[in-house]
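Enquirer: take this sequence and fold it.
(2 chains, ligands or ions: 2)
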Amino acid sequence: MSTNIVFAGVGGQGVLTASSIVGKAALLSGMNVVMSEVHGMAQRGGIVVTEMKIGDAKSPLVGKGEADIIVGFEPVEAYRVLWKAHPGAYVVVNTEPIIPITASLGNAEYPDVSKLIENMENLKVYPLEATELARKAGDSITTNIVILGALSKLPVFPLKRETLKEAIKESINPKYHELNFRAFELGFEAINP
Amino acid sequence: MKYQNILANEPGKKEFLLGNEAIVRGALEAGLDFATTYPGTPSSEIGNVLFYIAKQAGVYFEFSTNEKVAMEASAAAAASGLRAMVFFKHVGLNVAADAFMSTAYVGTNGGLVIISADDPSMHSSQNEQDNRHYAMLSGMPMIEPSNAQEMKDYIKEAFEISEKLKLPVLFRTTTRVNHVRGIVEYGTLQNKRGKGYFHKNPSKYVPVPENSRRMHRELLEKIEKAREMSNKSPLNKVEWNYGEIGIITSGVAYNYVYDVAKQLGLKVNILKLAFTHPFPDKLVKDFISKHKKIIIAEELEPYLERETRVVAQMHNIDVEIYGKLNGYFPRAYEYNPDVIKDAFEKILNIKIERNAYEPKPMELPDRPPVLCSGCPHRATYYAAMMALKQLKIKDAIITSDIGCYTLGIQKPYEMADYLLCMGSSIGTAVGFSKATNQKVIGFVGDSTFFHAAIPGLIDAYHNKANLVYVILDNRTTAMTGHQPHPGLPMDGMGNPAPYVDIEKLVKGIGIDWVRTVDPYNVKETIQAFKDAIQHEGISVIISKRECALLWDARRRKQGEWWVYQINQDKCTQCGLCSDWLACVAIYKKKDETGKERVYINDALCDGCGVCATICPFNAIEKKVIK
Ligand SMILES: Cc1ncc(C[n+]2csc(CCOP(=O)(O)OP(=O)(O)O)c2C)c(N)n1
Ligand code: SF4
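Expert: Residues are numbered from 1 along each chain as shown, chains lettered A, B, ... in the order given. Ligands and ions are numbered 1, 2, ... in the order given. As a prediction, this is how the structure comes out:
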């Protein structure tokens, strides 16, 4: 058995860093973990999805209905991967949209965020003003760490909060530890599952 | 991950490594002396790691000009007795193929491992060719790892096999092993050989026909020796679960088979193959003889399946085989747990509950990859587009090439009409210029120019082609993660290096019409395009401006940051910046009164200011942040 997590967001939001931190924390906890990421296009602004299984599993991709947790760094990107979840799965979702070029050019419309969240029925949804909280912590660049703070509070999240902080410490330049821990705490306090 | 950790001399240590990082670790444990590459996803991080640690590790490493050169350099190092590794993406092997094929004939002394990183589903490639065919084509032994730990362990094995057989080994990986992170346990680092010595022996190393005829026979003998090894190799394992059904699988597909069988509580016996060429015929014969039903799960081409069917036919084994050839598995795109479930449903005649959430249908906007804010390519394309508009040319043929700039295909620029492969922008431009009377403009990146476009440019000059060729010199190989190239004053180990001046090189060919422009200077660039397009014969524009990501990183480090904002009082909503420059940071939104207005997202703006220079109403203003 494994806990399956899908992280989805937009290039530049630190999706890879955040999910690697979770993987590292799993290693520190002595648990098995596999994670797949897609690299390739250097550009900012494209979709970034990573998939992770913590526990007894080998496959680096999460199948349809297998995800226990969806971590959305951006509302539309969270919605796009919901089909990977099972009914009743947890969703942590940043409510601040990043408008894609298709919408800003007027070729598509960005949906109302409250409508997106309202439509996530039959899931345990925790909306989070992650980008705003990151600004409050000191820099919007810590949005990903705010989200990790919230993630660590979910009852199905298999790792300890302290281990996650340990992994943040190991992965981030000491100069920014304080800033990131502030962000982590703000995320942790922001949801009450 | 700090790359230094890969060098840790701590056997037993566990790290959470990317498959590509694990390869580097494994190679170091094998005593790697020499490594070459040309970057290409999904292999690029192998080079990125070596770039940081090669010097410290005492390994010679270079970003070669292209894959063929990389292949040749590593072959020579291995012929001198060193352990050498050359790696590239799957299509890179096409570029290296001429040298690659001959390497199988001349063989090797030191271990020579060639890593092909295939890309099922084409996450960042123009095709999804299955390079296992290259093992059959060349006769080289082949290893297919399934996870990060195997990446590390089997690369060591590959060096051993190579030295035992005196043959190069093809190490075939795919995106979901290259770009998978997993827990990897370290082994012991092995000493390096340092400098090699080449023992001259032309009859062994020079494949003139007389020698080649002998070499081919020797190769065929080596293949049979290798087959004995694959039949006995611990890399090919049976997981026996006392089931009635046997599954043969390799590479990443094994993981999906394993998880799905476990989830469903299926009792199946799994033959997990990793030393897959020469095909372990005896092992497979043994395995299939014990089953009535065999399922073959492998991504892309039915390589294992064909070979298994040959074994069954040759030995008259009565077994039902389910694979791609009879339609149970797809031949296109990467696998995942659902592909395996779908196939099991059909083959085993079962229904698998998915318990999947069904999201309410919603219209979601696409988010295609786009040029970054501040990308110099956007400014160049904008200038080219405006020049063509001003000259009222509607049917210019735009030959494109591979790199970030291929995104010029998107609206509103539509600057890509034809593309084949790296470097094709110039050869195809020559072809179109000769075959039609249309204007032809080719675009190539700086790294791609060095890689494969120079012979084409010589061809264009020599054959008097009438075309405009644009070299987008953003001072890096951006798309694959910003590796250096021969136009930069730094080599693959971070040492200072002499660089090739593109303008001098182009002039050296004999081309007179060459102009270097700064694309952020939009006016000058539009003029250059107009002049070039009106010039009869060949004209070359070098559009030179550093990749915005590099520029941004430098400024952030220096603590300088500014963005641009739209002064709504001055803005007339003409849409030039939003609709024609179409920067990702510029968007439209309805204001309180319901009127659509143009804004700049300050989180995305990188301060290049190109929009400000083109705004006819001076409505875009700089705002200094720090
Ligand atoms: C034969 C081959 N090798 C490597 C690649 C991978 N690749 C794609 S684009 C690119 C180079 C991009 O650099 P450049 O031409 O400078 O353009 P930029 O991305 O910087 O705009 C590379 C190496 C490929 N597609 N084909
Ligand atoms: S990575 Fe550099 S070259 Fe590529 S799209 Fe971004 S700014 Fe342009």
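
Enquirer: what helix or strand does the closest residue to chain A within the stretch 451-600 of chain B sit in?
Expert: Per Cβ to the nearest Cβ, the residue of the stretch 451-600 of chain B with the smallest distance to chain A is residue B:587, at 3.4 Å. C-betas here are computed from N, CA, C, even on glycine. Here residue B:587 is covered by strand B:586-590, with elements defined by DSSP states H and E.

Enquirer: other SSEs contacting that strand?
Expert: helix A:101-104, strand B:596-600 (3 or more Cβ pairs under 8 Å, 6 or more residues apart in numbering or on different chains; DSSP states H and E).

Enquirer: quick check: buried residues in stretch B:436-448?
Expert: Counting neighbours by 16 or more other Cβ atoms under 10 Å in any protein chain shown, one finds that the buried residues in stretch B:436-448 are B:439-448.

Enquirer: now residue B:100, nearest residue through space, not along the chain?
Expert: Of all residues not flanking residue B:100 in the chain, residue B:71 sits nearest, at 5.6 Å (Cβ to Cβ, 6 or more residues apart in numbering or on different chains).

Enquirer: I figured that neighbour hits residue B:94, correct?
Expert: No: counting by Cβ atoms under 8 Å, residue B:71 sits too far from residue B:94 to count as a contact (11.3 Å).

Enquirer: what domains does the record give for chain B?
Expert: Here the domain parsing of chain B from automatic domain parsing is B:4-232, B:237-348, B:376-552, B:561-624.

Enquirer: what's the closest of those domains to ligand 2?
Expert: Distances from ligand 2 to each of those were compared using Cβ to the nearest ligand atom; the shortest belongs to domain B:376-552, at 3.0 Å.

Enquirer: rewinding a little: pick the most buried one from the helices and strands packed on strand B:586-590.
Expert: The highest mean neighbour count among those belongs to helix A:101-104 (a mean of 22), with neighbours defined as mean count of other Cβ atoms under 10 Å in any protein chain shown.

Enquirer: elements contacting the helix or strand following that helix?
Expert: Next in sequence after helix A:101-104, counting helices and strands by DSSP H and E, comes helix A:113-118. Counting by 3+ Cβ pairs under 8 Å, 6+ apart, the packing neighbours recorded for helix A:113-118 are helix A:75-80.

Enquirer: now the helix it packs on: how far from the chain's centre is it?
Expert: Once both centres are worked out by Cα atoms, centre = their mean, to the nearest Å, helix A:75-80 turns out to sit 11 Å from its chain's centre.

Enquirer: does it come close to chain B?
Expert: Yes: for helix A:75-80 and chain B, the contact criterion (Cβ under 8 Å from any Cβ of the partner chain) is met by A:76-77, A:79-80.

Enquirer: any buried residues in stretch B:492-502, and which?
Expert: Buried, per 16+ other Cβ under 10 Å, within stretch B:492-502: B:492-493, B:502.

Enquirer: about what we covered before: quick one: which two of the buried residues of stretch B:436-448 are the most distant?
Expert: Taking Cβ to Cβ, the two most distant members of the buried residues of stretch B:436-448 are B:439 and B:447; they sit 26.1 Å apart.

Enquirer: distance of residue B:216 from residue B:278?
Expert: Going from residue B:216 to residue B:278 by Cβ to Cβ, to the nearest Å gives 16 Å.

Enquirer: and what of residue A:120?
Expert: According to Cβ to Cβ, residue A:120 stands 53 Å off from residue B:278.

Enquirer: do the same with residue B:331
Expert: Relative to residue B:278, and taking Cβ to Cβ, residue B:331 is found at 23 Å.

Enquirer: what's the answer for residue B:305, then?
Expert: For residue B:305, the distance to residue B:278 equals 16 Å [Cβ to Cβ].

Enquirer: could you look up the SS state of residue B:87?
Expert: Applying DSSP: H, G, I helix; E, B strand; the rest coil to residue B:87 yields a three-state assignment of strand.

Enquirer: the most centrally placed residue in chain A: which element?
Expert: Here the mean C-alpha position of chain A is nearest to the C-alpha of residue A:71 (Cα atoms, centre = their mean), at a distance of 3.4 Å. Secondary structure from DSSP H and E places residue A:71 in strand A:67-72.

Enquirer: could you do residue B:388 as well?
Expert: Residue B:388 belongs to helix B:376-390 when elements are defined using DSSP H and E.

Enquirer: show me what that helix packs onto, helices and strands only.
Expert: Here helix B:376-390 is seen to pack against strand B:467-473, helix B:522-534, helix B:610-614 when contacts are counted using 3+ Cβ pairs under 8 Å, 6+ apart.

Enquirer: quick one: average pLDDT of the strand holding residue B:587?
Expert: Averaging pLDDT along strand B:586-590 gives 87.

Enquirer: okay, the angle between that strand and strand B:596-600?
Expert: Our comparison of strand B:586-590 with strand B:596-600, counting by axes from the mean of the first three to the mean of the last three Cα atoms, to 10 degrees, yields an angle of 150 degrees.

Enquirer: what comes into contact with strand B:586-590?
Expert: When contacts are defined by Cβ atoms under 8 Å, 6 or more residues apart in numbering or on different chains, strand B:586-590 is touched by residues A:99, A:103-104, A:106, B:577-578, B:596-601, B:611.

Enquirer: quick check, distance from the helix or strand of chain A at the bottom of the mean pLDDT ranking to the centre of its chain.
Expert: Taking mean pLDDT, DSSP states H and E as the measure, chain A has helix A:101-104 as its least confident helix or strand, at a mean of 81. In terms of Cα atoms, centre = their mean, the centre of helix A:101-104 is found 23 Å from the chain centre.
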